[in-house]
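In: Give me the fold of what follows.
(2 chains)
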Amino acid sequence: MLDLIILGAGELFTPANIGWLVAGVFIGLMAGATPGISGTMMVAIILPLTFGLGPSSALILMTAIYATAVFSGSITAVLFRTPGAPEAAATVFDGYEMTKQGKPHEALGHAMFASFLGGTFGAIVFLLVAPQLARVALEFGSPEIFALILFTMVAVASIGGGNMLKGLLCAFFGLFLATVGMDIITGTYRYTFGVPILAAGVSFIPAILGLFAVSEAIRMVQGAVTETRTIEKVKTVLPRLSMIKRLLPTYLRSGPLGVLIGALPGVGATTASFVSYATATRFSKEPEKFGTGIPEGIAAPETANNAAAMGAMVPMLSLGIPGSATTAVMLAAIIVHGLRPGPFLFVRNPEFVGAIMLAAIVANILIIVVSPVFIRFFARVIQTLPMGVLGTFILMLCVVGAFAIRNNMADVWIVFIFGILGYVLEKHKYPIAPIVIGLVLGQMFEQEFRRALVISHGSSMIFFASPIAAPIIVVSLIIVLIPLFRRLQRRLSVSKAK
Amino acid sequence: MKRYFQNLTRRGELIIPLSFLVASIYLFYLAMQFRAPFRMGFQVGPDVFPKILTGIMMVLSVVLIYNAVKRGGLTEFEKVVKPRNLWITLAFIITYAFLLEIVGFVVLTPVWIAAYMFAIGMRRWTWLLGATVIFSVFMIVVFAMFMLIPLPRGVGIFREISLFVY
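Out: Here you go, the predicted structure:
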């Protein structure tokens, strides 16, 4: 691990990469503080702009955006009762109440300090755990990797909230999209319909831009396009030592909880913040005070969501499997920049892995340094931007960014098609993240499936003979079957009652 | 009954899984024609995985259709202030994609930004002018000058203007 830190430091602490890190912190703060722009969307939009950079610089920039956007969503949650990013939704309960009591500076200080603690803790765990997990994963063969991806897809589709059937349909649709193009094993063209550009498959970036960014931009311009807000200048005040002592149990509980939830596929920082808030209420001696503007109600979700964001990066780097939508986009970036994600990254590109890990720690520390300045000067400017202007800018970036990938108009059409698809599906409560994760992991999923069957001469027992793959597959099946059993049980109890 | 189905269709609870079902059946049919050009020992053909995926998609779509018909359309939409902006946005993106090769990036982008913002309802000229200038300069500097992307220059006079700028 020490070699990772030394190599990573050598890669990160160059003037250019430090510049990208600081830029990422500012972009992340702006994205998170702007309602309608989430960290995922910002990372997706920034992806085409990173083509001119090396893989390390690109991922350092994205890591910084991801880490800080999770925090800055709380700025608008505290000030206007509008979470800038979904991760900050739980912060509204007590954060806005505190603002109503005339203490927005204190509320922002709590959010900032808790995010710094949670994020730094999560990043340190990431640094300690990811290399060990990668070492174990190096021993994985085709059946194990197949089982892991299956588990990820099922978990993303079912735990992410909403209708599980819709989630599963989207997950399999994403996996299907990855089959388009030339089959790597036999060279057969599949679903190319005579379109030459489809021979290389559905390009990740235009699809991601369409699904995450264009669909959101359409929603933005359908709202009140000219509406602006005017707000007073706000300062931040960090919590005092006595207050930190009071909140210590909350920090200590929420940090590990956040990392653990974040590392699970499909359960992101948003769920972590709500679970942490609920847990803090349960452990509190005065649970009735939650929701009335108490510091615990801000510290719990804000520690957990930043810790969860870092937790989601553990499986992304060590296993090559994204734990959240944002890490799926980052995984796509790793592939686009010519690196093969997964445990081999630790062997072949240790300086790259080390730089990302250190960037995660530094970005979280920078939250506490840069945020007070940001909140004082920039948050006000961002809030005065009308949605129509923001939406236009996002659309423009997506269209031109897609063209920039291969200098091909076909990619612009892909953005367009996926933008409509994302808009329609999300409107009908079909989740988008499983499509993206399926598209990113699909090719590997199919290859490992076929390779395993070739090794076993066609016997599917190979998946159940492995002591690692078998339990993972069984757990995946259980996740799918539980709702079915529950429904059956409910129906039986209803018929008995009749 | 007719109204019931109209309601369902309008809300997409039926039409989306139905579209997935039709697409899956067609894609499954296409997968049946995928053949490997050569065969060496045991191998899993290029058709197997697409068949499994489209097969599962068919089953899931059927269950969703069954649920939609049984329960009725339940999706509650968030209210939108300007629903027609969806069509305006789609029309503008298509227009941009069609005109980019002819008019070129430098001329089309500012005109597009100003026209689009006006079309979606922005009327304050400070925003229209400011956003048009700032966004256009940003796009040209970042994509054309910094990233050196060969963005389309257009034809004729548009090409001359483009060559003058970058």
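In: what does the stretch 251-400 of chain A put close to chain B?
Out: A:386, A:388-389, A:391-393, A:395-397, A:399-400 (C-beta under 8 Å from any C-beta of the partner chain). From N, CA and C alone the C-beta is placed, and that goes for glycine too.
In: Try it again at 10 Å.
Out: By C-beta under 10 Å from any C-beta of the partner chain, the residues of the stretch 251-400 of chain A that approach chain B are A:385-393, A:395-400.
In: Cross these against helices and list the overlap.
Out: The helices, defined by DSSP state H, take in A:387-393, A:395-400 from those.
In: quick one: which of those is nearest residue A:481?
Out: residue A:398 (39.3 Å; C-beta to C-beta).
In: What is the burial count for that closest one?
Out: Residue A:398 has 30 neighbours, counted by other C-beta atoms under 10 Å in any protein chain shown.
In: Now for it: which residues touch it?
Out: By C-beta atoms under 10 Å, 6 or more residues apart in numbering or on different chains, residue A:398 lies in contact with A:41, A:44-45, A:48, A:205-206, A:208-210, A:212-214, A:216-217, A:412, A:415-416, A:418-419, B:93.
In: Residue ranges of each domain in chain B, please.
Out: B:2-71, B:85-165 (automatic domain parsing).
In: Go ahead and flag the most central residue of chain B.
Out: Residue closest to the mean C-alpha point of chain B, counted by C-alpha atoms, centre = their mean, is residue B:90 at 8.1 Å.
In: isn't that residue right up against residue A:423?
Out: Yes - the pair residue B:90 and residue A:423 qualifies as a contact (C-beta atoms under 10 Å) at a distance of 9.4 Å.
In: Overlap of the contact sets of these two?
Out: Common contacts of residue B:90 and residue A:423 (C-beta under 10 Å, 6+ apart): A:214, A:218.
In: re the thing from before, shouldn't the residue nearest to the centre of chain B be within a helix?
Out: Yes - assignment of residue B:90 by DSSP: H, G, I helix; E, B strand; the rest coil places it within a helix.
In: Distance of it relative to chain A?
Out: For residue B:90, the distance to chain A (C-beta to the nearest C-beta, to the nearest Å) stands at 7 Å.
In: mind listing what the closest residue to that residue other than its chain neighbours touches?
Out: Spatial nearest neighbour of residue B:90, excluding adjacent residues (C-beta to C-beta, 6 or more residues apart in numbering or on different chains): residue A:420 at 6.8 Å. Applying C-beta under 10 Å, 6+ apart, we find residue A:420 in contact with A:210, A:214-215, A:218, B:86, B:89-90, B:93.
In: With residue A:375 instead?
Out: Contact partners of residue A:375, counting by C-beta under 10 Å, 6+ apart, are A:29, A:33, A:72, A:75, A:78-79, A:104-105, A:108-109, A:112, A:233-236.
In: For burial, what's the neighbour tally of residue B:51?
Out: So residue B:51, with other C-beta under 10 Å, has 16 neighbours.
In: so it makes contact with residue B:25?
Out: No - using C-beta under 10 Å, residue B:51 makes no contact with residue B:25, being 11.8 Å away.
In: so where's the stretch 351-498 of chain A shaky on pLDDT?
Out: The model of the stretch 351-498 of chain A has pLDDT under 70 over residues A:378-383, A:498.
In: Would you map the helices across it?
Out: Listed in chain order, the helices of the stretch 351-498 of chain A (DSSP state H, counting those that start in this stretch) span A:387-406, A:409-427, A:433-455, A:462-465, A:469-497.
In: could I get the ones you listed as CSV with distance to residue A:309?
Out: Output for the helices of the stretch 351-498 of chain A, formatted as CSV (distance: least, C-beta to C-beta, whole Å):
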stretch, distance to residue A:309
helix A:387-406, 22
helix A:409-427, 22
helix A:433-455, 15
helix A:462-465, 32
helix A:469-497, 23
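In: Secondary structure class of residue A:323, three-state.
Out: Three-state assignment for residue A:323 (three-state DSSP): coil.
In: so what pLDDT did it get?
Out: Note on residue A:323: pLDDT of 72.
In: if I read this right, it contacts residue A:314, doesn't it?
Out: Yes - using C-beta under 10 Å, residue A:323 is in contact with residue A:314, at 7.3 Å.
In: Tell me which of the two has more neighbours.
Out: residue A:323 (29 against 25).
In: Could I get the full set of helices for chain B?
Out: Counting by DSSP H, the helices of chain B are B:2-11, B:15-31, B:48-71, B:85-103, B:105-119, B:125-139, B:157-165.
In: Using CSV, write out the CA atom coordinates for the fourth one.
Out: Provided in CSV are the C-alpha atoms of helix B:85-103 (Å, rounded to 0.1, in the frame of the first residue of the first chain):
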residue,chain,number,x,y,z
ASN,B,85,-40.7,23.1,-24.5
LEU,B,86,-40.1,19.4,-24.9
TRP,B,87,-41.0,19.6,-28.6
ILE,B,88,-39.2,22.8,-29.0
THR,B,89,-36.0,21.3,-27.6
LEU,B,90,-36.2,18.2,-29.8
ALA,B,91,-36.8,20.3,-32.9
PHE,B,92,-33.9,22.6,-32.1
ILE,B,93,-31.5,19.6,-31.5
ILE,B,94,-32.5,18.0,-34.8
THR,B,95,-32.1,21.4,-36.6
TYR,B,96,-28.7,21.8,-35.0
ALA,B,97,-27.5,18.4,-36.1
PHE,B,98,-28.8,18.9,-39.6
LEU,B,99,-27.4,22.4,-40.1
LEU,B,100,-24.0,21.9,-38.4
GLU,B,101,-22.2,20.5,-41.5
ILE,B,102,-23.6,23.3,-43.7
VAL,B,103,-23.6,26.5,-41.6
